[in-house]
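S.K.: Structure for this input, please:
(one chain, ligands or ions: 1)
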Amino acid sequence: MSFDSEYPTVTRFAPSPTGLLHLGHAYSALFAMEKANQTGGRFLLRIEDIDPERCRIEFEDTIYEDLSWLGLTWEMPVRRQSEHLGEYAKAISTLQEIEVLYPCFCTRKDIKATIHANFGPDGPLYPGTCRGLSQKECKTRESNGEDFALRLDIVKALKGLSSSIQWNDLAHGKIIAKPEIFGDVVLARKNTPTSYHLAATLDDHIQGITLVTRGEDLFLSTHVHRLLQKLLGLRTPDYHHHPLLTDNEGRRYAKRDRSLSLKALRDDGNSPDQIRQMAGLE
Ligand code: GLU
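M.R.: Numbering: from 1, shown residues only. Sure, this is the predicted structure:
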């Protein structure tokens, strides 16, 4: 699909180093770089490594090797999210100042044990158990060392909006954002001052991304990202959620299929051109 833009487009590829990249990632990265090149724009790389338990430096190193081998070039420096936790913490403080966050002390087990009336894209919606806790109780529980997450009070957040919010999706048209589908989504945790939603939204702004390209599996997340942009006063880029690549049986590629990783495919002697072909790009 050609994309007409008067301005040079800035795109990015934002993998999480939690496993080896596969053909679907190759497609997504090449797609993003092509969109930038079509307008003489810029292509950036971001490493989404906020989860120290799942992210590994070996996977990050292999991401650079795979992408260079495929012929991708990106502008330096690479933005590594783990080096920017202070910026996410600042955004969390802003959201606290406008009183749209509350601490939630529920464990996964507590949440599982409640009766769920509503379901969202990530499963049952949080039933709001901690929404009404007094400030005093929250302070006491926090100083007792209890674990907590910071949740968005979606009703309060939406109440502050004067009109509906929307985004322009090059694959799907104009979309009215409905962030309430996620309910009171978690935006940070006690030891990690961010979540995927907050870090990705803030980074797209800070990196000056004008077109966010990513797979359709993240389409629904954009409803929350659009609200965060509004609450934090960030620019709204255009989006292009592309279809996900599937194997011959119609299954999405997954990081657990190691034999289909880009590393395995290149170790088996495939060329970058063959990978482009397998990804349906030639
Ligand atoms: N880090 C995400 C992933 O690897 C992609 C995030 C995004 O493109 O917004 O699936």
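S.K.: State the helix or strand in which Leu265 lies.
M.R.: helix 262-267 (DSSP states H and E).
S.K.: Counting by contacts, list what that helix packs against.
M.R.: Taking 3 or more C-beta pairs under 8 Å, 6 or more residues apart in numbering; DSSP states H and E as contact, the helices and strands that helix 262-267 lies on are helix 23-37, helix 57-70, helix 272-278. To be clear about C-beta, it is placed using only N, CA and C from the backbone, and glycine gets the same treatment.
S.K.: Deepest-packed of those helices, please.
M.R.: helix 23-37 (a mean of 22; mean count of other C-beta atoms under 10 Å).
S.K.: That one to helix 57-70, inter-axis angle?
M.R.: Relative orientation of helix 23-37 and helix 57-70, computed by axes from the mean of the first three to the mean of the last three C-alpha atoms, to 10 degrees: 60 degrees.
S.K.: picking up where we left off before, please tabulate the helices and strands packed on helix 262-267 in JSON lines, including the columns mean pLDDT.
M.R.: Formatted as JSON lines, the helices and strands packed on helix 262-267 follow (pLDDT from 0 to 100):
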{"stretch": "helix 23-37", "mean pLDDT": "96"}
{"stretch": "helix 57-70", "mean pLDDT": "98"}
{"stretch": "helix 272-278", "mean pLDDT": "94"}
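S.K.: May I see these arranged in TSV, with distance to Glu99 as well?
M.R.: Shown next, in TSV, are these (distance: least, C-beta to C-beta, whole Å):
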stretch	distance to Glu99
helix 23-37	36
helix 57-70	37
helix 272-278	49
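S.K.: Nearest to the ligand, out of those?
M.R.: Proximity to the ligand, assessed across those by C-beta to the nearest ligand atom, is greatest for helix 23-37 (7.7 Å).
S.K.: Please enumerate the strands of the stretch 151-282 of the chain.
M.R.: Along the stretch 151-282 of the chain, counting by DSSP state E, counting those that start in this stretch, strands occupy 166-169, 173-176, 186-189, 211-215, 238-242.
S.K.: Neighbours of the residue in the stretch 51-200 of the chain that the ligand sits nearest to, how many?
M.R.: Across the stretch 51-200 of the chain, the shortest distance to the ligand (C-beta to the nearest ligand atom) belongs to Ala200, at 4.4 Å. The number of residues packed near Ala200 is 26, by other C-beta atoms under 10 Å.
S.K.: thinking again about what came up before, is the ligand contacted by the helix holding Leu265?
M.R.: No: using C-beta under 6 Å from any ligand atom, helix 262-267 never reaches the ligand; the gap is at least 13.9 Å.
S.K.: Identify each buried residue in that helix, please.
M.R.: 262-263, 265-266 (16 or more other C-beta atoms under 10 Å).
S.K.: Also stretch 81-94?
M.R.: In stretch 81-94, counting by 16+ other C-beta under 10 Å, buried: 81-82, 84, 87-88, 91-92.
S.K.: Can you list which of these are found in strands?
M.R.: Among the buried residues of stretch 81-94, no member falls in strands (DSSP state E).
S.K.: so which of the residues you listed comes closest to Ile115?
M.R.: Ile92 (30.2 Å; C-beta to C-beta).
S.K.: isn't that closest one right up against Leu150?
M.R.: Yes: at 6.5 Å, Ile92 and Leu150 qualify as touching, with contact defined as C-beta atoms under 8 Å.
S.K.: and the buried residues of stretch 81-94, which of them are in helices?
M.R.: With helices taken from DSSP state H, the overlap with these comprises 87-88, 91-92.
S.K.: okay, those residues in JSON lines with distance to the ligand next?
M.R.: Formatted as JSON lines, these follow (distance: C-beta to the nearest ligand atom, whole Å):
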{"residue": "Glu87", "distance to the ligand": "17"}
{"residue": "Tyr88", "distance to the ligand": "15"}
{"residue": "Ala91", "distance to the ligand": "16"}
{"residue": "Ile92", "distance to the ligand": "19"}
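S.K.: What lies in contact with the helix holding Leu265?
M.R.: 20-23, 25-26, 62, 65-66, 69-70, 258, 274-275, 278 (C-beta atoms under 8 Å, 6 or more residues apart in numbering).
S.K.: Next: stretch 73-87.
M.R.: In contact with stretch 73-87 (C-beta under 8 Å, 6+ apart) are residues 13, 33, 42-50, 52, 55, 60, 67, 88, 192-194, 199, 202-203, 206-207.
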